[in-house]
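Q: here are the coordinates; sequence isn't available:
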């Protein structure tokens, strides 16, 4: 089982950013208005809180624990903020997030091969949870479809970037 000290500080930061980026990629794929965005954000936060208390994988739990500290949140938030700025707007966020998730997958494969499948599946699960959180194309959060075609395509891109079957 991998632990925080098995990773460089930059690698650990990538691991901390990855759950947020999995959700951001979905939100950027098909922005769903204020209510949908709030629901998607809550789904992401809920997945992190759930991992802290019920994750069976030690690496997932360690990342969730660290993300729930002020220092961990700040590191992840700063990394995501830099990614958004580098993307030059919402249109580029999805592609930057997918590239960052592929980097995370490579780090996991190299440094934590035993933990990699569970961690990658967790990230894909977060993305799926965010996609299902808000309906798309409705009015004030009512109606529309649960998961849009753009979100479905992005879910496939996320699983490909992560190397998840």
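A: Looks like it arrived, so ask away. On a predicted model such as this, the values are computed, not experimentally measured, just so you know.
Q: what element comes up after the lowest-mean-pLDDT helix or strand in the chain heading to the C-terminus?
A: When each helix and strand of the chain is scored by mean pLDDT, DSSP states H and E, helix 33-54 comes last, with a mean of 67. Scanning forward in sequence from helix 33-54 by DSSP states H and E, the next helix or strand is helix 58-67.
Q: Going by contacts, tell me the helices and strands next to that following helix.
A: Counting contacts by 3 or more C-beta pairs under 8 Å, 6 or more residues apart in numbering; DSSP states H and E, helix 58-67 packs against helix 9-29, helix 33-54, helix 70-87, helix 116-133. For the C-beta atoms, the positions are set from N, CA and C on the backbone; glycine is no exception.
Q: check contacts around the spatially most central residue of the chain.
A: When C-alpha atoms, centre = their mean is applied to the chain, the residue found nearest the centroid is residue 22 (2.2 Å). Each residue near residue 22 by C-beta atoms under 8 Å, 6 or more residues apart in numbering is listed here: 44, 97, 101, 123, 124, 126, 127, 130, 158.
Q: Tally up the residues packed near the second one, please.
A: Going back to what we said before, that points to residue 97. For residue 97, the count of nearby residues is 31 (other C-beta atoms under 10 Å).
Q: is it fair to say it lies in a helix?
A: Yes. Judged by DSSP: H, G, I helix; E, B strand; the rest coil, residue 97 forms part of a helix.
Q: didn't it look like it was pressed against residue 27?
A: No. Applying C-beta atoms under 8 Å as the test, residue 97 and residue 27 come out as separate, 9.4 Å apart.
Q: sorry, back to before: looking at the helices and strands packed on helix 58-67, which has the lowest confidence?
A: In terms of mean pLDDT, the lowest-scoring of these is helix 33-54 (a mean of 67).
Q: how much space between residue 74 and residue 85?
A: Look at residue 74 and residue 85: by C-beta to C-beta, to the nearest Å, they are 16 Å apart.
Q: Got the phi and psi for residue 88?
A: Here is the backbone geometry of residue 88 (degrees, to the nearest 10): phi 70, psi 30.
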